[in-house]
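>>> have a look at this prediction, sequence included:
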Amino acid sequence: MRRLTPDEIENARAELRAMRETIESLKASVPPSFAREYVATMDKSLAEVERVFEIGTVK
């Protein structure tokens, strides 16, 4: 498995930030319902991806 280049790492971080902003926007706008639970699940999943990404790229 090859290591990511610094540009690839920064691009991935930018994509994660954009996803985080989208989720935060959705959390503020969905009514209390299945949609809110779905957004919470997406939020938890993204947090796990962010954590794994940071562990794998920050030395």
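Happy to help now that I have it.
>>> distance between the helix or strand of the chain with the lowest mean pLDDT and the chain's centre?
Between all helices and strands in the chain, the lowest mean by mean pLDDT, DSSP states H and E belongs to helix 34-57, at a mean of 78. Chain-centre distance of helix 34-57: 5 Å, with C-alpha atoms, centre = their mean, to the nearest Å.
>>> who are the packing partners of that helix?
Here helix 34-57 touches helix 6-29, going by 3 or more C-beta pairs under 8 Å, 6 or more residues apart in numbering; DSSP states H and E. Where C-beta positions appear, they are placed from N, C-alpha and C, glycine not excepted.
>>> how about the helix it packs on: buried residues?
By 16 or more other C-beta atoms under 10 Å, the buried positions in helix 6-29 come out as 19, 23, 26.
>>> any idea how far Ile32 lies from Pro6?
To be clear, residue 32 is Pro; Ile isn't right here. Counting by C-beta to C-beta, to the nearest Å, the separation of Pro32 from Pro6 is 42 Å.
>>> next: Thr22.
Distance from Thr22 to Pro6, by C-beta to C-beta: 25 Å.
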